[in-house]
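**Q** One predicted model, sequence on top.
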Amino acid sequence: MPRHGPRARLLAPLTGACCAAVAAAVGPHPELAVWLLLIPGLVAVTAVDAAVLRLPDPLTLPAAALAAAGLGVAALLPGAAGSWPRALLGGAVLCAAFFGLALINPRGMGLGDVKLSPVLGVALAWYGWPVLLGGVLAAFLLASLYAFFLVVARGAGRGTAFSMGPFLALGALAGVLAGGLGG
């Protein structure tokens, strides 16, 4: 029987807590089904990134397709609280912005982060441009706080690498919660 470390044992409760929080914030809107399908995959993606500093393509790319297609279906249903065209544009804009950051500083923003960005951009822009901006800013703020902790507590320097995926997912979660509560 495989043994799982303490971090792995937290994944199921963490996934459940994220799903419950999003369900409470979003309520009975059609996009809730999309969020509940995406959350387990995003938790898995961020757990892999935290462990090996790599976002797995077999999970990031299908998540983007699921977000785009799922929200397209949700937009056709009564009670949808977002905009599908804006969501698609938001995914493209965020992907282009992250790709630009990766070109400028490949050690700071990896291509895995770029590949994760469409799903996050689609999800956040569904609720509006302010939600997209707020979710991305929250991600970078959380990552900055963690980097500051690494410098102060562990003596990290410029070359110290850490995974950005968990912070991107947390920022997206904060944005979806805010968007769901506002919608």
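**A** Ah, there it is.

**Q** okay, CA-based contacts and neighbour counts for the rest of this
**A** Noted.

**Q** Longest helix in this protein, please.
**A** Across the chain, the helix with the greatest residue count (assigned by DSSP state H) is helix 129-154.

**Q** Residue ranges in this protein under the pLDDT threshold?
**A** Applying pLDDT under 70 to the chain flags residues 1-6, 183.

**Q** Packing partners of the helix or strand that comes right after the longest helix of the chain?
**A** Sequence-wise, the next helix or strand downstream of helix 129-154 (DSSP states H and E) is helix 165-182. Judged by 3 or more C-alpha pairs under 8 Å, 6 or more residues apart in numbering; DSSP states H and E, helix 165-182 is in contact with helix 11-26, helix 31-52, helix 111-126, helix 129-154.

**Q** Which other helices and strands does the first one contact?
**A** Pointing back at helix 11-26 there. Using 3+ C-alpha pairs under 8 Å, 6+ apart: helix 11-26 touches helix 31-52, helix 165-182.

**Q** cool, the second one as well?
**A** With contacts taken as 3+ C-alpha pairs under 8 Å, 6+ apart, helix 31-52 sits against helix 11-26, helix 57-76, helix 165-182.

**Q** Gly135: which of the helices and strands packed on helix 11-26 is closest?
**A** Gly135 sits nearest to helix 165-182 of all these, at 4.4 Å, using C-alpha to C-alpha.

**Q** any idea of the angle that closest one forms with helix 129-154?
**A** Angle between the axes of helix 165-182 and helix 129-154 is 140 degrees (criterion: axes from the mean of the first three to the mean of the last three C-alpha atoms, to 10 degrees).

**Q** Name the stretch among the helices and strands packed on helix 165-182 that sits most buried.
**A** Among those, the stretch with the highest mean neighbour count (mean count of other C-alpha atoms under 10 Å) is helix 111-126, at a mean of 27.

**Q** Compute the inter-axis angle for it and helix 165-182.
**A** In terms of direction (the same axes, to 10 degrees), helix 111-126 departs from helix 165-182 by 0 degrees.

**Q** a markdown table for the helices and strands packed on helix 165-182, including distance to Thr60?
**A** Listed next are the helices and strands packed on helix 165-182 as a markdown table, based on distance: least, C-alpha to C-alpha, whole Å:
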| stretch | distance to Thr60 |
| --- | --- |
| helix 11-26 | 17 |
| helix 31-52 | 7 |
| helix 111-126 | 5 |
| helix 129-154 | 17 |
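
**Q** quick one, which of those is nearest to Gly180?
**A** Closest among the helices and strands packed on helix 165-182, once you apply C-alpha to C-alpha, is helix 11-26, at 4.1 Å.

**Q** What lies in contact with the closest one?
**A** The contact list for helix 11-26 (C-alpha atoms under 8 Å, 6 or more residues apart in numbering) reads 32, 35-36, 39-40, 43-44, 47, 173, 176-181, 183.
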